[in-house]
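Novice: Have a look; sequence and predicted model below, questions after that.
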Amino acid sequence: LIIHVPLVGNIFNIETMISLVLFNLTFIVSVFAFTVHKTPLPRTSLSLNVKPVTLGIFGGGTVGGGIVEILKKKEETVKKLTGKSIQIKKICVRDASKERDFAVPDGCEIVTDYDAILNDDSIDIVVEVMGGTDDAKNVVYSALEKGKNVVTANKALIAKNLVEIDALVKKVNKDREVPVEFRYEAAVCGGIPIIRSMQSDFVGDEISMISGIINGCTNYMLTSMDRDKKSYDDALKEASALGYAEADPTLDVGGFDARSKLSILMRLAYGIDVNEDEISCRGITELSKLDFEYAKMMGGTIKLLGVSKKIDEKRIAAFVSPCYLTGDDTLSNINGATNALEVISSNLQSTTYIGQGAGRYPTANSCVNDIVSLAKNDQTVEPFNPSDSEKIFVNNYDSTFYIRLSYRDALGITRQCGEICEKHSVSIHSLLQNPIDSADDAAFVIITEKVPLANIKRVCSDLEALDWCRGPVFYMPVLRENSV
């Protein structure tokens, strides 16, 4: 570029020179802009300078290890989905010297002090998979109060403290521009994404009934008793050997684990808060091979189910119990440790979710999904869906019932059964009895018409008081109407 500067008496005309320079600079900039427009700059990653999402995990056992492994395996996929990297900064365990069954990530610190995570301002998400309810409660509450997002798989903690947790989340978020999140997909049915579905897929719908196989241990046992003709004790031993049952299997076989999950689902489905201790709960300990023989005679099988249903617009009933199902029922064909949940609603009618309800990777997978959702800045304003103060829980429901009685031979047994049922307004649909090989195994079954549970309890109490009745009378509901 050549700039001609005129002279006036050998003295620069400054004003003219400046004008010419500016003109030529404008020309150069225009040419450069045209060149840039025609030649795109190479693309660069928008996430190069984005702060990673940092995790503090409480629990380095089965589920905690699964979370670490999945995040490592899917590291690149997570970056593409979220535009961020996820860094596990600390894992809190009881014994830091214990050998782990997973590779500790680079830069991750193994700690034993809860405060090492809770007081670390650089940690964004606290993942609680330590189990138990006491220490876990303190960890979860403290994390929320400190403004950290929480991901947990602890169904017992949530079922016991749901109302408190809901109130705490609201309190913490009252004056926050960016809300703190509480996520718990893994707490109910392990790897089945039922929580997120209940939060988002039924907003315009109305749920009338939930019924499901929501405990893998008991479903494995009942499958063995039905399909393989095993006794209760043998089925429990096998479930324990395979790791489906805890050292103390009471929470599983007593139905209490299923009850905790059911109470959480009821809040999501109906907006009702129910103390889980109020929900009628009967496990599988009273079942025998004889019950499966009668179920087969009737063309079906027996499953331990968690059930909740609307009685009317205000009243909600619920129970956990063994139930008779016909052979063509979807739930009757769910075997082994698999879980399944059916949701009946006005718009979608029947929606069934089937998958693995427990285990290292199914549970960890749900935790990872919650973590990734938080990394994407997805928000769930109401983690348990809005409450509905107009709805009430009633511990009674109508159903057809199966009643099994063991007896000593005597006169008038059928007559007395009929009189007691009539006394309590229970109509008998049919009587069943298999051939008797031994007097010690003498038993028969009464199938009722649809009646209230309270009436059945009174019938069973009166029957047990009779001289010929041996031991407790066993009863269970029939899940579907008109199926016997």
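Specialist: Cool, got the structure. Everything quoted here is computed from the prediction, not taken from an experiment.
Novice: Assign the residue lying closest to residue 439 once chain neighbours are set aside to helix, strand or coil.
Specialist: Of all residues not flanking residue 439 in the chain, residue 409 sits nearest, at 6.9 Å (Cβ to Cβ, 6 or more residues apart in numbering). Every residue, glycine included, has its C-beta placed from N, CA and C. Of the three states, residue 409 takes coil under DSSP: H, G, I helix; E, B strand; the rest coil.
Novice: quick one: residue 376 and residue 403, what's the gap?
Specialist: From residue 376 across to residue 403, the span is 53 Å (Cβ to Cβ, to the nearest Å).
Novice: neighbour-wise, which of these two wins?
Specialist: residue 403 (21 against 14; other Cβ atoms under 10 Å).
Novice: Show me what the strand or helix carrying the more buried one pairs with in its sheet, parallel or antiparallel.
Specialist: Using DSSP states H and E, residue 403 falls within strand 398-406. When pairing is defined by DSSP bridges, strand 398-406 lines up against strand 443-448 (antiparallel), strand 451-452 (antiparallel), strand 474-478 (antiparallel).
Novice: Please dump those into TSV; it should also carry distance to residue 120 and mean neighbour count for every row.
Specialist: Shown next, in TSV, are the strands paired with strand 398-406 (distance: least, Cβ to Cβ, whole Å; neighbours: other Cβ atoms under 10 Å):
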stretch	distance to residue 120	mean neighbour count
strand 443-448	60	21
strand 451-452	55	17
strand 474-478	51	22
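Novice: what's the closest of the ones you listed to residue 270?
Specialist: Closest approach to residue 270 among the strands paired with strand 398-406 (Cβ to Cβ): strand 474-478, 19.7 Å.
Novice: and the closest one, average pLDDT?
Specialist: In this model, strand 474-478 carries a mean pLDDT of 97.
Novice: ok, residues contacting it?
Specialist: 282, 286-287, 291, 302, 307, 319, 321-324, 397, 399-404, 447, 453, 456, 460, 484 (Cβ atoms under 8 Å, 6 or more residues apart in numbering).
Novice: now residue 169, nearest residue through space, not along the chain?
Specialist: Spatial nearest neighbour of residue 169, excluding adjacent residues (Cβ to Cβ, 6+ apart): residue 182 at 5.2 Å.
Novice: How confident was the prediction at the residue nearest to the spatial centre of the chain?
Specialist: With distances taken as Cα atoms, centre = their mean, residue 188 lies nearest the centre of the chain, 1.6 Å away. pLDDT, residue 188: 96.
Novice: List the contacts of it.
Specialist: 155, 194, 195, 214, 261, 264, 265.
Novice: my guess is the first one meets residue 257, correct?
Specialist: Yes. Residue 155 lies in contact with residue 257 (Cβ atoms under 8 Å); the separation is 7.5 Å.
Novice: So between the two, which is more surrounded?
Specialist: Between residue 155 and residue 257, counted using other Cβ under 10 Å, the more crowded position is residue 257 (27 against 21).
Novice: Am I right that the more buried one is in contact with residue 250?
Specialist: No. Contact criterion Cβ under 8 Å: residue 257 and residue 250 do not qualify, at 9.3 Å.
Novice: quick one: average pLDDT of the host helix or strand of residue 258?
Specialist: Using DSSP H and E, residue 258 sits in helix 256-270. Per-residue pLDDT values over helix 256-270 give a mean of 97.
Novice: One more: stretch 83-103?
Specialist: Stretch 83-103 comes out with an average pLDDT of 95.
Novice: which intervals of the stretch 51-200 of the chain have sub-threshold pLDDT?
Specialist: Along the stretch 51-200 of the chain, the model assigns pLDDT under 70 to no residue.
Novice: what ranges do the strands span in it?
Specialist: Along the stretch 51-200 of the chain, the segments classed as strands by DSSP state E, counting those that start in this stretch run 53-58, 86-92, 109-111, 125-128, 149-152, 182-183.
Novice: partners of the last one in the sheet?
Specialist: Read that as strand 182-183. Partners of strand 182-183 in its sheet, by DSSP bridges: strand 149-152 (parallel).
Novice: just the second one next, same as before
Specialist: Based on DSSP bridges, the pairing partners of strand 86-92 within the sheet are strand 53-58 (parallel), strand 109-111 (parallel).
Novice: So what touches that strand?
Specialist: Residues contacting strand 86-92 (Cβ under 8 Å, 6+ apart): 52-60, 64, 68, 71, 75, 78, 104-105, 107-114, 116-117, 120, 122-123, 130, 371-372, 375.
Novice: Checking the nearest residue to residue 348 once chain neighbours are set aside next. Helix, strand or coil?
Specialist: Spatial nearest neighbour of residue 348, chain neighbours left out: residue 205 (5.9 Å); criterion: Cβ to Cβ, 6+ apart. Recorded secondary structure, residue 205: coil (three-state DSSP).
Novice: Repeat that for residue 481.
Specialist: coil.
Novice: who touches it in this structure?
Specialist: 400, 450.
Novice: again, 6 Å this time
Specialist: With contact taken as Cβ atoms under 6 Å, 6 or more residues apart in numbering, residue 481 is in contact with no other residue.
Novice: Can you give me the distance of it to residue 431?
Specialist: 20 Å.
Novice: Residue 310 too?
Specialist: From residue 310 to residue 431 the distance is 32 Å (Cβ to Cβ).
Novice: Compare those two (neighbour count), which wins?
Specialist: residue 310 (17 against 12).
Novice: what kind of secondary structure is the spatially closest residue to that one that is not a sequence neighbour in?
Specialist: Nearest non-adjacent residue to residue 310, counting by Cβ to Cβ, 6+ apart: residue 208, 4.9 Å away. What three-state DSSP gives for residue 208 is strand.
Novice: how close does residue 208 get to residue 142?
Specialist: 39 Å.
Novice: what does residue 424 give?
Specialist: Counting by Cβ to Cβ, the gap from residue 424 to residue 142 is 52 Å.
Novice: Out of the strands paired with strand 86-92, flag the one nearest residue 170.
Specialist: strand 53-58 (23.5 Å).
Novice: List the contacts of the closest one.
Specialist: 64, 84, 86-92, 117, 122-128, 130, 139, 375.
Novice: ditto for stretch 160-167
Specialist: Counting by Cβ under 6 Å, 6+ apart, 273, 384 sit against stretch 160-167.
Novice: mind redoing it with 7 Å?
Specialist: Contacts to stretch 160-167, defined as Cβ atoms under 7 Å, 6 or more residues apart in numbering, come from residues 133, 137, 158, 182, 264, 267, 273, 384.
Novice: How about stretch 98-112?
Specialist: For stretch 98-112, using Cβ under 7 Å, 6+ apart, the contacting residues are 60, 65, 68-69, 72, 88-94, 96, 117.
Novice: What's the local residue count around residue 312?
Specialist: Counted with other Cβ under 10 Å, the neighbours of residue 312 add up to 7.
Novice: Quickly find the element holding it.
Specialist: Assigned by DSSP H and E, residue 312 falls outside every helix and strand.
Novice: give me phi/psi at it?
Specialist: When read as degrees, to the nearest 10, the backbone of residue 312 gives phi -150, psi -160.
Novice: So what touches stretch 123-139?
Specialist: 53-59, 63-64, 67, 89, 114, 117, 140, 143, 148-154, 156-157, 160-161, 367, 371, 374.
Novice: go with 6 Å
Specialist: 53-59, 63-64, 89, 117, 140, 143, 148-154, 156-157, 374.
Novice: All good on my end, thank you.
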